[in-house]
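> Sharing a model prediction with you, sequence too.
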Amino acid sequence: MNKTQRATLNVTETFDPSKRDELILAYAPQIKYIAHRLAMRLPPHVEVDDLISSGVIGLIDAIEKFDPSREIQFKTYAEFRIKGAMLDDLRSQDWIPRSVRQKAAALERTYAEIEQREGRAATNEEVAEALDMTMDAFYDLMSRVKGLSLISIECGDEDNILNRRIFESLSGDPEDNPLSFIKRKELQQIIARNIEALPESEKMVVSLYYYDELTMKEIGKVLSITESRVSQIHTQAMLRLRGKLKKELK
């Protein structure tokens, strides 16, 4: 990401609900940034403008519901609401068939089961064999579930314990609620441990995408691979992480 792009993200931390219009203008670049990041891994028929509109609604919701007394920055809360509104809108469109959702869940379980049994990262060949699929069918399925893995890991479906707990722990005051603080620390350790256990290529993509905030295209250039290959690696990492985290957070 270049300096101009990073500067765009440095939106104001000042929160004044009476200046709603100013806040919306200040966060407009961030809303567009989030929308374009989501759209890059979604089917072509998903309109970026629709995501942006949903993001504005999410920001307005954040302005109305934000509690300054909580130990959380408005920027953090606003970004969660913006992204959540976009993903809620995508889910409401129900563009992913139930059969694909079920197969994605099967992929998550299979990755987790093999890795628990073998004590190492499962290979794609092992997962395909366990699911009685050819490699062509396996990669076709990975392509079909990539949008679903994005929605699930970014914000959380109803069964995604991970993200609900992340947000719940962020919204409390660590001093007033030491149990919440401990849970947050434990959750951070669990996530960090599982990311560290990913295969090197997946760990690199996750790091560049979520920590350095590079786009899929930029990551492809850094790693000298195609953008579609980056997307595939990201999907594998998300399925692997979700399978492990579901087991650990039951």
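Looks like it came in fine. Residues are numbered from 1 along each chain as shown.

> Please, which helix or strand holds R20?
helix 20-39 (DSSP states H and E).

> Please read the previous query as pertaining to E64.
Going by DSSP H and E, E64 is part of helix 48-65.

> buried ones in the helix or strand following that helix?
Sequence order places helix 74-93 as the next helix or strand after helix 48-65, per DSSP H and E. For helix 74-93, the neighbour count (16 or more other C-beta atoms under 10 Å) marks 74-75, 77-87, 89-91 as buried. All C-beta atoms are positioned from the backbone trio N, CA, C, and that covers glycine.

> before we move on, back to that, packing partners of the helix holding E64?
Helix 48-65 sits against helix 20-39, helix 74-93, with contacts defined as 3 or more C-beta pairs under 8 Å, 6 or more residues apart in numbering; DSSP states H and E.

> export those helices to TSV and tack on distance to A104 and mean pLDDT?
Below are those laid out as TSV (distance: least, C-beta to C-beta, whole Å; pLDDT from 0 to 100):
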stretch	distance to A104	mean pLDDT
helix 20-39	18	86
helix 74-93	14	82
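
> can you pull out the helices in the protein?
3-8, 20-39, 48-65, 74-93, 98-118, 124-130, 135-154, 161-170, 178-196, 200-206, 216-223, 227-248 (DSSP state H).

> any idea which of these is most buried?
helix 227-248 (a mean of 21; mean count of other C-beta atoms under 10 Å).

> quick check: angle from it to helix 216-223?
Between helix 227-248 and helix 216-223, the angle comes out at 100 degrees (axes from the mean of the first three to the mean of the last three C-alpha atoms, to 10 degrees).

> okay, the angle between helix 227-248 and helix 98-118?
70 degrees.
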